[in-house]
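>>> Need coordinates for the below:
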Amino acid sequence: MTSKNPDGEATPAETTAGEAGYGDAAALELRTDEPVRQEEEAVPKSEVEPQDEIEPGSLRMDPQVGEELYGAQVSAAYSRVKVHGVNALGDHNKIHIVNYEGQPPAKPVIRELVGVPDLLPVYAETAADEELAEKLGRRSTVCLAGRPHTGRFSTACVALARRHGPDRVHEVLLPGGVEPEVLNRAGDSIKEDHGYVLRLPGDRHSQVMRLLADLFRRRSASLLLIRHDDSRAGVRHSAEVQHRRPEPLAVFRAHLGHHLRDKLSLTDAESAEVIHGYLRHSGLIRALHGSYGPREVVPIAEAIGGGHPADDGTVAETLGRSQPQRRARAAEILRSDASLDADSASRRPRRIDQHERAFRIAYAVFARQPLHYVFEAAGLLLEEIDGQAKRVDWGRLALQHPVSELLGPLDVDWREGREATRSRGGSSRSAWLHDGAMRGVIIDEAWHEFDSTRPALLKWLDTLASRNDDPMRRAAAEAAGLLAHHDFARVCVDLIDDWAASPKPRLRQAAAWAMVAADMGGLVGHLVRRQVRDWAGGHRNFQRDAAARVYASGLQQPDLSWSLADLRRIAQDPMQQHTYIVAEGVCQLYTPFRADQIIFELARWSDDRQLQLHAAGALLSLATLPVEDSPGGTPDLMLRFVEQQVATGDLVRLWELALLMNDLSPRAWTIFGYWLAKADTDETLRKAIGGMVTELTAQPTLRRRMTFYLARLSQFEDGLPEWLDAAMRSSQGVMA
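Below you'll find the predicted structure:
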C-alpha cells in the first residue's frame, strides 16, 4: 500500500542529503539541484563511505583519558574538577569580542582574568619580577621570554596587577590568521589604565611592540607579550625580559602557607613552622627538586595542605601520586631485570628484557582494555623493533613467559585489578593500573629514555590505528596525542597528518582523537588549533572532515565564534553534504549559557543552501540533550526556549527546516513529538511550546503535516490534548 503524505501525494522516495524535498514550503529557501561550489579534490558521493547518524557524545573523548595521560596537569578545559586560583587563569573568564571594521569570520577577543586576585597571595617571586616592573614603568609594550609551564603567565599577570590593579588584567586572544596589529583598529576595547597579556608565537615580538606601542601609550595601558624562548635568541630587544621558573621550594611554601593561613587560620609564624616540619621529609625535597615546573609543585602543596596534619606515611602516599614520583616508578617499570642482577643475566632467555619492556609499554597504552589487546600489541611492537633493527623475524612468542614475569613491577597492579573484577562478578582480565596517571608517564619514559626506538614506536601506533578495531584505534590515537605533546612536528608529519588525509573515516577519527589528546595536556594547544585551522581551510576534503571530527571529539576554542567559523567553513565542503560530523561538532560545543549564540548562528546557516542540512541536523542533536542531572529528561534547549534565553524566531526557523527536510523529517517529527509530550506533562512548558506550535502551523504545509504526523505518534494516539489543539487552531487566526 502506498502511503500518502499530508499534501495528498505519494510519499517521495528518500532523497539524498541536501536535495530538494520540502513539498510546497514556500516560506523556506529551498535547496535546488544546483551544484554546490566545488573545491579542489572534491569527492563524489559515490566515493564517500555511507555514514549513519551520530549519537550525540559518541565521538567525544573521555576526560579520564586526560587525567591518565597528564595527571594533575590536564587542561582545565577537559578536567572534571573545577579549577581555582592560579590554575584558573585563562579558563572560564569573562570574554569581550573585539569589534573592528573589516573583521574576519573569527574575531579577536579580550577576556578578563578573574583569577588574578587569587593568584597574588600564592605567587612565588622570580628573578624577572624587578626588571619586568622597571620596564613596564618606562614602556607601554614589554616582552617576557621563557619556556612553557615555568610560570611565565603567572609572572606576567602579577606584574600587570601590581601596576594597574588585580581587577584590571586581561588576556588578548587572536584567532588563526589574525595578526596582533589588528588591535590598532580595536577602538574602545583597550581600556584606560589596564594591563593586557598576549601570548605570541613566532619571533615577531619586536615588530609587534613597535606597532602597538603608541596605542597602549595613549591609553596609559600596558601590553605584555609572552613568547617562547628557545635559548638561541642571541641579542635581546631592550624591552625584553628573560623569565626563569621560580624555585620549587618557594612555590611550595607560598601555596602551602596560604592554605594554612586562609583555610586553617594559622598565623604566619605557625604556618612557617608547619612548613619547616614538612620540609624535613627527604622524599618531599626530592620530589620538589625533581618537578618540571610550578604546575607539578602546586598539586603537592595543595594535597599536603588538604590533609594537614599529615604524618610521614600520609606525605609518602601523597608523593606517590605526584608526577616526579610517578616518573621514578616508570623508570623502574621499564628497567631491565637483568640490569639489576648481572649473574642472572646469563641465565635469562635471549631478548627477554626487550619482550618485557614491549609488554609493559603495551600494558600502559591499553590501560583499562582486555589483556588480549596487550599480548597482540606487544607482539606487533616487537615486530616493528626487529624491523627497524633489520633482525630476522622470530614470529610471535608463545608459551614462553607468564604474565606476572612480563609485567614485573606492574604485576601488583594487575593482580589488584583482577581482584576488583572478581568482586564485581566479572571474569575478564584487564590491563589495570592502581594509579591511572601512571599510563602517561610510562609512555613518556619509553619515548624519552629509549629514544632510539622512536621510529618503531610511531610505526607501531600507525599499525594499531590501521586495525579495524575501535579499542586499538582509540588507544593508538591517545598515545599519539601524548607523544605529540612532546614532539608535535614529528608526530604530526609521521602519523596524524596521514591519518587526517586518509579516505577511511576510522583513521580520520583517530587523527581527531590524537589532536584532542594532545590538547588535553595544555602545552601545545596553539599548535593543535593551528593544525585544525590548516585542515579546515585547506583544499583536501578528507582533512576538512578530520577537522570537523576534532570538534565532534570535544575540542574547545577560546571563543565559541572561532569554533563555529571553522565548522561553517568545513560545512561548505561538498563531501560534508553526506555526513553528520559538522552537526555533531556543533552539538559538542553546546552548554546552557551558549544556547542563544549557537541557535542564532544555526539560524544564519539556514539561509545558506549548502548549510541547511547541517543547521537542521545540529538542531535535532541539540534538541535531545537533557538538562544536566534532570530525572525527567527534559531537553535543555527546550528549557532555554521556555525561559526566553533563545530567540523564538530563530528556533522556529530551524524547526521548520528540520520538519520539512525529507532526509531528516522522520527523526525530526519523533523529536518534536517528544517535546510536545514533555510539554503535555509539565504545565510550565505548555504556554511557550504552544506559542511555537502556533507559529509553525501558521504555514499551511506545516499545519497539514503536523496534523498528519502527530496523529501517528504513539504519544497522541488517543487524540491531541486540548492545549495543543488550541495552539494549532490559533494559527488560522495568524494566517488570516
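>>> Where does pLDDT dip in the stretch 351-500 of the chain?
Along the stretch 351-500 of the chain, segments meeting pLDDT under 70 span 389-400, 420-428.
>>> ok, which stretches of it are strands?
For the stretch 351-500 of the chain, applying DSSP state E, counting those that start in this stretch gives no strands.
>>> Run through the helices of it in chain order.
352-365, 371-388, 403-407, 411-423, 438-449, 454-466, 470-484, 488-491, 497-500 (DSSP state H, counting those that start in this stretch).
>>> what does the stretch 151-300 of the chain give?
152-164, 205-218, 248-263, 268-278, 282-289, 294-306.
>>> And for the second one, what's in contact with it?
Residues lying outside helix 205-218 but in contact with it, judged by Cβ atoms under 8 Å, 6 or more residues apart in numbering, are 139-143, 145, 180-181, 183-184, 186, 190, 196, 200, 222-223, 225, 227, 237, 239-240. Every residue, glycine included, has its C-beta placed from N, CA and C.
>>> The same query, at a cut-off of 10 Å, please.
Contacts to helix 205-218, defined as Cβ atoms under 10 Å, 6 or more residues apart in numbering, come from residues 139-145, 179-181, 183-186, 190, 192, 194-196, 198, 200, 202, 204, 221-227, 236-240.
>>> so who does the residue most central in space within the chain touch?
Compute the mean C-alpha point of the chain, and by Cα atoms, centre = their mean the closest residue is Leu555, 3.4 Å away. By Cβ under 10 Å, 6+ apart, Leu555 lies in contact with 60-61, 77-78, 512, 515-516, 519-520, 525, 528-529, 532, 547, 549, 563, 566, 585, 588-589.
>>> Kindly report the same for Ala106.
174-178, 533, 557, 559, 561-566, 569 are the contacts of Ala106 under Cβ under 10 Å, 6+ apart.
>>> Please name whichever of the helices of the stretch 351-500 of the chain is nearest to Pro626.
helix 470-484 (25.7 Å; Cβ to Cβ).
>>> Pull up the distance across stretch 111-131, start to finish.
26 Å (Cα to Cα, to the nearest Å).
>>> Gly130: neighbouring residues, count only.
Careful, residue 130 is Glu; it's not Gly. Counted with other Cβ atoms under 10 Å, residues neighbouring Glu130 total 11.
>>> That one belongs to a helix?
Yes: secondary structure of Glu130 (DSSP: H, G, I helix; E, B strand; the rest coil): part of a helix.
>>> Contacts only, for the residue lying closest to Met520 once chain neighbours are set aside.
Among residues not flanking Met520 along the chain, Gly66 sits closest, at 3.6 Å (Cβ to Cβ, 6 or more residues apart in numbering). Gly66 makes contact with 73-75, 77-80, 437, 440, 478, 481-482, 516-517, 519-522, 554, according to Cβ under 10 Å, 6+ apart.
>>> Next one: Gly66, what pLDDT does it get?
In this prediction, Gly66 carries a pLDDT score of 92.
>>> Taking helix 294-306 as reference, get the angle to whichever strand or helix holds it.
Element membership of Gly66 [criterion: DSSP states H and E] is helix 63-70. With axes from the mean of the first three to the mean of the last three Cα atoms, to 10 degrees applied, the angle from helix 63-70 to helix 294-306 works out at 110 degrees.
>>> Can you point out the buried residues in helix 63-70?
Pro63, Val65, Gly66, Glu67, Glu68, Leu69, Tyr70 (16 or more other Cβ atoms under 10 Å).
>>> angle of it against helix 470-484?
50 degrees.
>>> The residue nearest to Leu685 when sequence neighbours are not counted: which element?
Leaving aside its chain neighbours, Leu685 sits nearest to Ala679 (4.2 Å; criterion: Cβ to Cβ, 6+ apart). Ala679 is part of helix 665-681, with elements assigned from DSSP H and E.
>>> Quick one: list the elements packing against that helix.
helix 612-622, helix 636-642, helix 648-660, helix 683-697, helix 700-710, helix 722-735 (3 or more Cβ pairs under 10 Å, 6 or more residues apart in numbering; DSSP states H and E).
>>> By mean pLDDT, show me the worst of the ones you listed.
When I compare the helices and strands packed on helix 665-681, helix 722-735 is least confident, with a mean of 79.
>>> sorry, back to before: reformat the helices of the stretch 351-500 of the chain as CSV; add mean neighbour count and distance to Leu702.
Formatted as CSV, the helices of the stretch 351-500 of the chain follow (neighbours: other Cβ atoms under 10 Å; distance: least, Cβ to Cβ, whole Å):
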stretch, mean neighbour count, distance to Leu702
helix 352-365, 23, 53
helix 371-388, 20, 51
helix 403-407, 17, 63
helix 411-423, 14, 54
helix 438-449, 23, 53
helix 454-466, 22, 46
helix 470-484, 25, 40
helix 488-491, 17, 50
helix 497-500, 23, 41
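>>> The ones you listed: which one's closest to His289?
Closest among those, once you apply Cβ to Cβ, is helix 438-449, at 17.5 Å.
>>> coming back round to it: check the helices and strands packed on helix 665-681 for me and report the most buried one.
helix 612-622 (a mean of 27; mean count of other Cβ atoms under 10 Å).
>>> re earlier: quick one: distance of the helix holding Ala679 to the chain centre.
31 Å (Cα atoms, centre = their mean, to the nearest Å).
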